[in-house]
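S.K.: missing the sequence, but the structure's below:
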């Protein structure tokens, strides 16, 4: 069974640009969540999508947005990049209903803003 | 609100030593508890979980027992290996939101 796939693995962008990250969840998983991981702040929740609807949102500025498609694949977009956006962005998928089965994470996209 | 507190690392051990990583939590209701592991350059992997009080989660020689009376879920392993070197995250899910709350992570370094 294929795991959670995130593309690209590495990305270098310049301040002010925008970036789109992609996540393909495990087949059958309807919930996709995004996290930002930095050495200083640890894991911070960005948002969660379930059946194409944003169900939960973390405390990030509006420059961070996402969407989910009918096949559960998700994209995350960051506009007007800042140096502080440099981080590992992790996507996680789960069944998202009923009993908690835990999350399955992708390997992440390492974003560097210069 | 929900919160998870883990012991700060790094935890440095010799191979075959006993491991304990402490985790305590604050949550509404009856949370489910998890340990995740992150190896260098990778995402998090679910290591084990427990969904109700007194449950013991176990996997790959690691164990953790859900202690409601002490609101704890400490991770233990009897004999660590160099390959166990990683960052370990304690997490909980509660309140029906399905969004886990993570601790800050504890780095484990095992020397040969």
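M.R.: Done, it's in. None of these values were measured; they are calculated from a predicted model.
S.K.: could you list every residue that touches the closest residue to chain B within chain A?
M.R.: Per CB to the nearest CB, the residue of chain A with the smallest distance to chain B is residue A:105, at 3.5 Å. C-betas here are computed from N, CA, C, even on glycine. Neighbour list for residue A:105: A:4, A:90-92, B:36, B:43-45 [criterion: CB atoms under 8 Å, 6 or more residues apart in numbering or on different chains].
S.K.: Residue of chain B nearest chain A, please.
M.R.: Counting by CB to the nearest CB, chain B gets nearest chain A through residue B:43, at 3.5 Å.
S.K.: wait, that residue sits on residue A:106?
M.R.: Yes - in this structure, residue B:43 is within contact of residue A:106 by CB atoms under 8 Å, at 5.1 Å.
S.K.: Show me the common contact partners of those two, please.
M.R.: A:4, A:6, A:90, A:92.
S.K.: where does residue B:84 fall, phi/psi-wise?
M.R.: Dihedral pair for residue B:84: phi -80, psi -10, per degrees, to the nearest 10.
S.K.: what's the neighbour count on it?
M.R.: The local packing of residue B:84 (other CB atoms under 10 Å in any protein chain shown) involves 20 other residues.
S.K.: contacting residues around it?
M.R.: B:19, B:77, B:108, B:110.
S.K.: now with 10 Å?
M.R.: When contacts are counted by CB atoms under 10 Å, 6 or more residues apart in numbering or on different chains, residue B:84 touches B:13, B:15, B:19, B:37, B:39, B:60-62, B:77, B:108-110.
S.K.: Just the buried subset of those residues, please.
M.R.: For the contacts of residue B:84, a burial check counting by 16 or more other CB atoms under 10 Å in any protein chain shown picks out B:13, B:19, B:37, B:62, B:77, B:108, B:110.
S.K.: Chain neighbours aside, what residue packs nearest to the second one?
M.R.: What that stands for is residue B:19. Of all residues not flanking residue B:19 in the chain, residue B:77 sits nearest, at 4.4 Å (CB to CB, 6 or more residues apart in numbering or on different chains).
S.K.: Enumerate the residues of chain B near chain A.
M.R.: B:6, B:31-36, B:38-39, B:41-49, B:51, B:87, B:89, B:91-94, B:96-105 (CB under 10 Å from any CB of the partner chain).
S.K.: Apply 7 Å and report the result again.
M.R.: B:32, B:34, B:42-46, B:49, B:51, B:93, B:97-100, B:102, B:104-105 (CB under 7 Å from any CB of the partner chain).
S.K.: just to revisit the earlier point, mind putting the contacts of residue A:105 into JSON lines with secondary structure and neighbour count?
M.R.: Formatted as JSON lines, those follow (DSSP: H, G, I helix; E, B strand; the rest coil; neighbours: other CB atoms under 10 Å in any protein chain shown):
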{"residue": "A:4", "secondary structure": "coil", "neighbour count": "22"}
{"residue": "A:90", "secondary structure": "strand", "neighbour count": "25"}
{"residue": "A:91", "secondary structure": "strand", "neighbour count": "29"}
{"residue": "A:92", "secondary structure": "strand", "neighbour count": "28"}
{"residue": "B:36", "secondary structure": "strand", "neighbour count": "26"}
{"residue": "B:43", "secondary structure": "coil", "neighbour count": "22"}
{"residue": "B:44", "secondary structure": "strand", "neighbour count": "31"}
{"residue": "B:45", "secondary structure": "strand", "neighbour count": "17"}
